[in-house]
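Asks: kindly generate the corresponding structure for this input.
(one chain, ligands or ions: 1)
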Amino acid sequence: MRTINWNDDLSVGIAEIDEDHRHLVQYLNDLFAACFAGQGPAVLKKTLAHVKEYTRVHFAHEEDYMRKVGFPDLQSHHEQHAELISELDDLIEEFESGADHELSNKTLQFLEDWLLHHILIEDKRIGRHTGAID
Ligand SMILES: [Fe+2]
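Replies: Sure, this is the predicted structure:
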C-alpha cells in the first residue's frame, strides 16, 4: 500500500506549519488506505472531503503566517492554494458519480505529487524567507 512517510526533508523549519503538513500527510495516508481497502465511492468521497476541509484550514493558517512575516510572494502562493482547492472540488464531483480504480489512482497520484512538490519547492520558500532554513 502506498504511504507517504514524513521525514525531515519535508520540514520547512517552521514548527506550526510542519505540524499542519504532518496532519495533511496523515490525511492523505488515510485516503490511500481507504482506496487500498477498496472502499466504495461514498467513503472515498467523504475521505476526500475531509482532506479538502483540512487543506482549506491549513492554507488559511499558512497564509496568515506569510502575512505575519511579510512573505513577498503571498499572492502567487495564494493562487496555487486556490487552484488546488478547486481541483479538489472537481475530484469530489467526479467521485460523486462513482469511483473506479482509475479515478482513485489518478487522485492519489495527483495529490501526492502536488503536496510533495508544493512543500518541497513553494513552502520551503517561506522558511528561507524567515531564515528558519538555508
Ligand atoms: Fe503552501
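Asks: quick check: buried residues in the particular helix or strand that has A49 in it?
Replies: Per DSSP states H and E, A49 falls inside helix 41-68. Neighbour-count burial for helix 41-68, counted by 16 or more other Cβ atoms under 10 Å, picks out 41, 43-45, 47-48, 51-52, 54-55, 58-59, 62, 65-66. For every residue, glycine as well, the C-beta is placed using N, CA and C.
Asks: and it, what does it pack against?
Replies: Applying 3 or more Cβ pairs under 8 Å, 6 or more residues apart in numbering; DSSP states H and E, one finds that helix 41-68 contacts helix 15-36, helix 74-96, helix 101-117, helix 124-130.
Asks: what mean pLDDT does it get?
Replies: Average pLDDT, helix 41-68: 92.
Asks: tell me what angle that helix forms with helix 101-117.
Replies: Angle, helix 41-68 to helix 101-117, by axes from the mean of the first three to the mean of the last three Cα atoms, to 10 degrees: 20 degrees.
Asks: what residues does this protein put near the ion?
Replies: Counting by Cβ under 5 Å from the ion, the chain comes close to the ion at E62, D123.
Asks: give me the residue from the chain nearest the ion.
Replies: D123 (4.6 Å; Cβ to the ion).
Asks: pLDDT value on the spatially most central residue of the chain, please?
Replies: The centroid of the chain falls nearest to L115 when counting by Cα atoms, centre = their mean (4.7 Å). L115 carries a pLDDT value of 94.
Asks: ok, it touching Q26?
Replies: No - shown here, L115 and Q26 do not form a contact pair, counting by Cβ atoms under 8 Å, at 11.7 Å.
Asks: returning to that earlier point: for the residue of the chain closest to the ion, which non-adjacent residue is closest in space?
Replies: Once flanking residues are discounted, D123 sits nearest to V12: 4.8 Å by Cβ to Cβ, 6 or more residues apart in numbering.
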